[in-house]
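S.K.: sequence and computational prediction follow.
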Amino acid sequence: MRERPRHRRNSKMMDVIDVLAMQREKRSSLQKSITMDYTSSNDSFTVARFIFECGMKLEAHPLTVATAATLYHRFIRESTAKAYDHYLIAATCLYLAAKIKDDLLKIRDVMNVASNTLHRGSQPLELGDQYWSIRDAIVQAELLVMRMLKFHVNPVHPHKYLLHYLRSLQAWFGEDEWSKYPVAKTSMALLQDFHHVPAILDYPPNLIAIACINLTLQIYGVVVPLMDECDQLPWFNVFLQGSHQGEAVGNNGEDHELLRSGTRDPRCPLNLFE
């Protein structure tokens, strides 16, 4: 068999290398474009994103990060926002949430990650005056947060409701049909994203879980089976029945109507993901 010329093989190899280099450069430029400069803003969404980024770098549990974001939103709502350093409060809430959820995050790691995330490219904090000043500030801010929230720092999260509802839906769908759509993964992503805004405080946790699942089903165009046998009631109606319905939905059923109608009421959390 006739051997191919070596220069042709080398040319093809160089083309492959050039393509790979272009892909790496494109990924690098994309990463730079989505990197946020936190020093330019301190609104609640940006600071919540800061908490999530720090939590991801620290490999914190998702429930720890959600707790930190919730504590931050509650603190800002209860306090005079301009009177405090938002990013110090955010780092403090992350450290406090790790304690609450038994997530092993060391204060030094939280400090270094928060500092590097806020000031991109900065070196790890050395054991000097700046280190001890920041550490003392976090310790003092931790006490402030707890006092401001009246020591109610372990909120009821929508996550447990979300898990329960997803398991029930999985049984309704059947394993084969359920595996066709990433309902669980997308619902959890929407729930975590909802923690970026203080509206997470405005709704009962069970309704937030239902809203995330319902939006996911709408995104993928999934119809819950056996609904024809339920008198045209929405699939989530079964989860709102029972002795706790009045407490969860409200005396006038206003939140229930928001879920049923899917209206464009600006208070409805579903609007936040459009």
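M.R.: Structure received.
S.K.: contacting residues for His196?
M.R.: By CB atoms under 8 Å, 6 or more residues apart in numbering, His196 lies in contact with Ser44, Phe45, Ala48, Arg49, Phe52, Ala69. (Glycine included, C-beta is placed from N, CA and C.)
S.K.: could you redo the last one with a cut-off of 6 Å?
M.R.: If you count contacts by CB atoms under 6 Å, 6 or more residues apart in numbering, His196 has them with Phe45, Ala48.
S.K.: so it, which state does it fall into?
M.R.: At His196, secondary structure determined by DSSP: H, G, I helix; E, B strand; the rest coil is coil.
S.K.: so it versus Val183, what's the distance?
M.R.: 21 Å (CB to CB, to the nearest Å).
S.K.: return the distance of stretch 47-66 from the chain's centre.
M.R.: 8 Å (CA atoms, centre = their mean, to the nearest Å).
S.K.: what residues of that stretch count as buried?
M.R.: Within stretch 47-66, the residues scored as buried using 16 or more other CB atoms under 10 Å are 47-55, 58, 60-66.
S.K.: in the chain, where is pLDDT below threshold?
M.R.: 1-34, 81, 226-233, 241-274 (pLDDT under 70).
S.K.: which elements pack onto the helix or strand harbouring Ala68?
M.R.: Counting by DSSP states H and E, the element that carries Ala68 is helix 62-78. Helix 62-78 sits against helix 44-57, helix 86-100, helix 129-148, with contacts defined as 3 or more CB pairs under 6 Å, 6 or more residues apart in numbering; DSSP states H and E.
S.K.: looking at those helices, which is buried most?
M.R.: Comparing the helices and strands packed on helix 62-78 by mean neighbour count (mean count of other CB atoms under 10 Å), helix 86-100 ranks first with a mean of 24.
S.K.: mind giving me the packing neighbours of it?
M.R.: Going by 3+ CB pairs under 6 Å, 6+ apart, helix 86-100 lies up against helix 44-57, helix 62-78, helix 107-118, helix 129-148.
S.K.: same list, those, but as a markdown table with distance to Ser168 please.
M.R.: Putting the helices and strands packed on helix 86-100 into a markdown table (distance: least, CB to CB, whole Å) gives the following:
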| stretch | distance to Ser168 |
| --- | --- |
| helix 44-57 | 28 |
| helix 62-78 | 21 |
| helix 107-118 | 37 |
| helix 129-148 | 36 |
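S.K.: among those, which is nearest Tyr161?
M.R.: helix 62-78 (13.0 Å; CB to CB).
S.K.: which residues touch that closest one?
M.R.: 48, 51-52, 55, 89-90, 93-94, 97-98, 100-101, 103, 145, 148-149, 155, 157, 195, 198, 201.
S.K.: Ala171: how many residues sit nearby?
M.R.: Neighbours of Ala171 under the rule other CB atoms under 10 Å: 10.
S.K.: tell me the SS of it?
M.R.: helix.
S.K.: quick check: the gap between it and Asp129.
M.R.: With CB to CB as the criterion, Ala171 and Asp129 are 59 Å apart.
S.K.: do the same with Lys150
M.R.: Taken as CB to CB, the span from Lys150 to Asp129 is 34 Å.
S.K.: now do Phe50
M.R.: 25 Å.
S.K.: the stretch 151-274 of the chain: helices as residue ranges?
M.R.: Using DSSP state H, counting those that start in this stretch, the helices of the stretch 151-274 of the chain run over 159-173, 175-178, 183-194, 205-220, 245-249, 254-261.
S.K.: who are the contact partners of Ile51?
M.R.: Ala68, Ala69, Ala90, Leu94.
S.K.: adding distance to Val139, write these out as a markdown table.
M.R.: Shown next, in a markdown table, are these (distance: CB to CB, whole Å):
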| residue | distance to Val139 |
| --- | --- |
| Ala68 | 16 |
| Ala69 | 21 |
| Ala90 | 15 |
| Leu94 | 14 |
